[in-house]
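# Here you go, sequence then predicted model.
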Amino acid sequence: MRLSDGRRRLQLPLIPILLAILALLDLRTELQLLADHFTFASLVEIPRHHPLAIAVLVFTPWMIQSSR
């Protein structure tokens, strides 16, 4: 989108960013537990209990790139 003075306006892809924020909020408790007491077993269990949040975080760069 062009502005009246010819500069380009930065267009943020709001939906991928919103999805990534919501995914991080969903994983907040598990990330806090990992920060306090890291174990590989808890690291393996996160994708098992939150597959959608992990998928959103993995594909967020692709969603941002494809929206431009």
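Arrived safely.

# So, low pLDDT: which residues of the chain?
Within the chain, the segments meeting pLDDT under 70 span 1-10.

# Mind telling me which residue is nearest the centre of it?
Geometric centre of the chain, nearest residue: residue 20, 2.5 Å, by Cα atoms, centre = their mean.

# Against residue 41, how distant is that residue?
Using Cβ to Cβ, to the nearest Å, residue 20 is found at 26 Å from residue 41. Using the backbone N, CA and C atoms, a C-beta is placed for each residue, glycine as well.

# shouldn't residue 50 be in contact with residue 26?
Yes: Residue 50 lies in contact with residue 26 (Cβ atoms under 8 Å); the separation is 6.0 Å.

# The closest residue to residue 13 other than its chain neighbours: neighbouring residues, count only.
Leaving aside its chain neighbours, residue 13 sits nearest to residue 67 (3.9 Å; criterion: Cβ to Cβ, 6 or more residues apart in numbering). Counted with other Cβ atoms under 10 Å, residues neighbouring residue 67 total 13.
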